[in-house]
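# Quick one, what's the 3D model for this:
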Amino acid sequence: MDCLLSYYTDKFTSIEGNIFEVFSKFYNLDLSPVDSWLETHFINRIEKDDKTSIQYRKEGNKYYASKDLVKSLEYYTKSICNATVGGREYSLALANRSAVTFEMREYENCLRDIELCLKADYPTALKPKIYFRKAECYLATSQKENFEKCIFEVADLLHNTHTYIDKDKYIEKLNQIRKEKIKSKALDENLIELPTFSEGENENFAYASSKVKISYDKTKGRHVVASKNIQKGEVLFIEKAFIFAPVFKENREFYPFNCKKCTLCIYCNEKCLISSWNECHKWECNGMQASIWYDLGIAFPAFKAVLKGAKSGFRTIKGDHCEDVKKFGDKDDNYPYFNRLVSHIYKTKNAAPYVIMAAVVVSYLKNYTNFFTWFLQQKDCPKTNMIDLVNYIGGLITKHIAQLSSNSMDIGGSLLHYIMSKENSTLKTISDRLGVTDSTTIKKAEEFLRSLQTKCSSLKVLNDSAKSALCLHLAASFLRNGFDKDAAIKLSGLKKSLYQNNLHTIEKILGLDKQLTVSALSVQLGCTEIKELAEEILDKYRAYDTKIKDFDHPQYVSAATYIACKQKSVKVHKDQFITASRLKPRQWKELVLEFEKFAKSLGLGSLRKNKKELTDPVEDITNEIEKVTMKKKTENEVEDYEVWRKRILDEAYAALGMKNPES
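Prediction:
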């Protein structure tokens, strides 16, 4: 783009006369450099590519395996954005992302990904696992009717599918989850409410408080003045931006809906995606694939302003500033008022870039979209032929670039500042009530709140008080300061289990979760005398269970320590182990049964019965674990076909009371 600007700027600098005539004159010059610039970008356009999607998904798998959930979310999202919508890779990436969101207890986002996954080409053999995850989400969010419906769906799937599925395993799990009892309760969403005007909205000044009005004088032009006394901190304007254009930066939602054609544009939900496509994205999408908008800068929002005006045929308002003083703004169609903003285009010393960028946009629309053909067929189109329409649109884009240069602003930082100032106010209140006065702890909690806001904006079940209490808790733990957890739970408004779950979730999001060790847990629970036995049990269990498991998860350390405490008759409340394991009571019970069977197979069961042996040195169980491991390996070895055939026939004849004639 710099080369283009340099090439054409030498030909003219200032704009004189009618802006539409100036653009028309420029557009009739030799525009081959503009065409070449566009061609170069479109040769290198980035389209959906399943191979790229697979690579991103593999990267996400690596981060997921290392328990970096935030990074895995990022790469699974990239995988989704690059995959063909509705295809196999698209569905697999969605399923993987749902696993992460489920682990982070982002149940609503998990459900959304599962729904999209099931609508796509997801392998039938894997569907039961997804349905169970869906059911557990409904269970966690107390959606009783949806839970029961989901259980019926998975039962129907297992009954009717002819694809190879380990049905017995899933039927057993189905019977277990059917026993779960949930209460019918709606999920509360913590949405940011819009502020309100203290004395209502001004009827003649759209989006403004009744305490302000539009005024005019020759020196200042149009400007806003107070019509009543205004208190400090009072809300004066509540307005959605007239134009939105991306600031090409990786600061996005982790759970977006992606455009079906380009890999760059993502949306917060499907409704937003459809609305954007109908209004503007269908005309900008090809340019996104070719990455032209990044180089065009302010010409991009100027183009989107043109699309706003196109809906009404570029309606205008007659009259001078007196009309604006009487009434300013229209909530149904604000383009006429935007179009009346000053541009200072004739005072600009070098306006050539405005015209050049407008020409690039027009050439793009003409050669890479059917925008002009479509617009000529609309009843509100202001022109009747292609040439006049091209020059008219080019002139408008040039004017809007100048207007935006004088009047636009980036609201991203301002919005984030508003949200953070609101949360910081709550943080101060919660810290005062908890008696947290250490400035270092409070600053660290503020840092965690900011990180939470930018890294994950979808913790909808948490209000500001809960987030503040949790961040203060993490800050105190991080700095090894004392903290009143019971008081924090009360102030958060959460149940104890939900508080603990969200504490672990935020730890993962912020990268604060450390691997739990037997040594750390035994010190935490005051049972250091069982440390060696617990470590012995855990090490042998790792060697025994050869399945792929995440042994970094605290459940295994907790279970090994629990079994060691039982063997040594050390009393520690079971709830403390469940909390440390980060499992639900049902899951904890299943894990303990598994560890008890394992301990019994090693001959450790007798330690509980013979108290005299409790103080004796722990028996070396290396030989026992080797025997168990060898036995398991032998059971898994492939048996010779002839031996297997003879054994099966012998068993069959024996069941009939007959002798195998081949024996």
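# so what are the domain limits for this protein?
Domain segmentation of the chain under automatic domain parsing yields 50-178, 264-407, 412-509, 518-619, 626-663.
# Could I get the average pLDDT for stretch 83-97?
Averaging pLDDT along stretch 83-97 yields 92.
# Now that stretch: buried residues?
For stretch 83-97, burial by neighbour count (16 or more other C-beta atoms under 10 Å) applies to 83-84, 89-97. (Glycine included, C-beta is placed from N, CA and C.)
# quick revisit: for Gly200, find the nearest of the domains of the chain.
Gly200 lies closest, by C-beta to C-beta, to one member of the domains of the chain: domain 264-407, at 15.0 Å.
# ok so, going back, mind giving me TSV with the domains of the chain and columns for distance to Phe257?
Listed next are these as TSV, based on distance: least, C-beta to C-beta, whole Å:
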stretch	distance to Phe257
domain 50-178	8
domain 264-407	5
domain 412-509	13
domain 518-619	30
domain 626-663	44
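# Throw the buried residues of stretch 83-97 into a markdown table and include secondary structure, thanks.
Supplementary listing: the buried residues of stretch 83-97 in a markdown table, determined by DSSP: H, G, I helix; E, B strand; the rest coil:
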| residue | secondary structure |
| --- | --- |
| Ala83 | coil |
| Thr84 | coil |
| Glu89 | helix |
| Tyr90 | helix |
| Ser91 | helix |
| Leu92 | helix |
| Ala93 | helix |
| Leu94 | helix |
| Ala95 | helix |
| Asn96 | helix |
| Arg97 | helix |
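# quick one: which of these is nearest Val224?
Arg97 (46.0 Å).
# how many other residues sit next to Lys318?
6 (other C-beta atoms under 10 Å).
# Ok, the one 4 residues further on next?
Applying the criterion other C-beta under 10 Å, we find 8 residues in the vicinity of Cys322.
# Same question for Leu516.
20.
# Was I right to think it contacts Ala559?
No - Leu516 lies out of contact with Ala559 (C-beta atoms under 8 Å); the separation is 11.5 Å.
# which ones are touching the nearest residue to Asn385 once chain neighbours are set aside?
Distances taken as C-beta to C-beta, 6 or more residues apart in numbering place Leu376 nearest to Asn385, at 7.7 Å, with adjacent residues excluded. Residues near Leu376 by C-beta atoms under 8 Å, 6 or more residues apart in numbering: 383-386, 389.
# Now rank the residues you listed by neighbours and give me the top one.
So for those (other C-beta under 10 Å), the most neighbours sit at Leu389, 20 neighbours.
# Okay, buried residues for the helix or strand encompassing it please.
In this assignment (DSSP states H and E), Leu389 forms part of helix 386-407. Using 16+ other C-beta under 10 Å as the burial criterion, the residues of helix 386-407 that qualify are 389-405.
# and that helix, how far out from the chain's middle?
In terms of C-alpha atoms, centre = their mean, to the nearest Å, the centre of helix 386-407 is found 37 Å from the chain centre.
# Give me the neighbour count for the residue nearest to His400 when sequence neighbours are not counted.
Closest residue to His400 apart from its sequence neighbours, by C-beta to C-beta, 6+ apart: Ala302 at 3.8 Å. The number of residues packed near Ala302 is 27, by other C-beta under 10 Å.
# my guess is Ala302 meets Asn407, correct?
No - with contact defined as C-beta under 8 Å, Ala302 does not reach Asn407; the gap is 11.6 Å.
# Next one: the residue nearest to Ala120 when sequence neighbours are not counted from Thr384, what distance?
Excluding its sequence neighbours, the residue lying closest to Ala120 (C-beta to C-beta, 6+ apart) is Ser91, at 3.8 Å. Ser91 is 48 Å from Thr384, where distance means C-beta to C-beta, to the nearest Å.
# Over to His159?
Counting by C-beta to C-beta, the gap from His159 to Thr384 is 64 Å.
# Number of residues surrounding Ser66?
When neighbours are defined as other C-beta under 10 Å, Ser66 has 12 of them.
# hang on, the earlier thing: relative to Tyr544, how far out is the residue nearest to His400?
67 Å.
# related to what we said a few turns ago, which elements pack onto the helix holding Leu389?
helix 19-27, helix 299-310, helix 352-368, helix 371-376 (3 or more C-beta pairs under 8 Å, 6 or more residues apart in numbering; DSSP states H and E).
# Of all those helices, which one is nearest His41?
With C-beta to C-beta, the closest approach to His41 among the helices and strands packed on helix 386-407 belongs to helix 352-368: 9.1 Å.
# And that closest one, what's buried?
352-366, 368.
# now stretch 435-452
Within stretch 435-452, judged by 16+ other C-beta under 10 Å, the buried ones are 436, 441-442, 444-446, 448-452.
# chain center to stretch 356-366, what's the gap?
35 Å.
# Stretch 329-349 now?
36 Å.
# quick one: average pLDDT of that stretch?
80.
# Please work out which residues outside that stretch touch it.
With C-beta under 8 Å, 6+ apart, stretch 329-349 has contacts from 13-16, 19, 205-208, 221, 242, 305, 308-309, 311-312, 314-317, 324, 328, 351, 354, 398-399, 402-403, 405-407.
# For Cys81, which residues are in contact?
Cys81 touches 258-259, 263-264, 266, counting by C-beta under 8 Å, 6+ apart.
# Surely Tyr27 is in contact with Gly394?
Yes - contact status for Tyr27 versus Gly394: in contact at 6.0 Å, counting by C-beta under 8 Å.
# So for these two, which residues contact both of them?
By C-beta under 8 Å, 6+ apart, Tyr27 and Gly394 have these common neighbours: 359, 362.
# and the closest residue to Tyr562 other than its chain neighbours, what pLDDT?
Distances taken as C-beta to C-beta, 6+ apart place Phe577 nearest to Tyr562, at 4.7 Å, with adjacent residues excluded. In this model, Phe577 is scored at 84, pLDDT.
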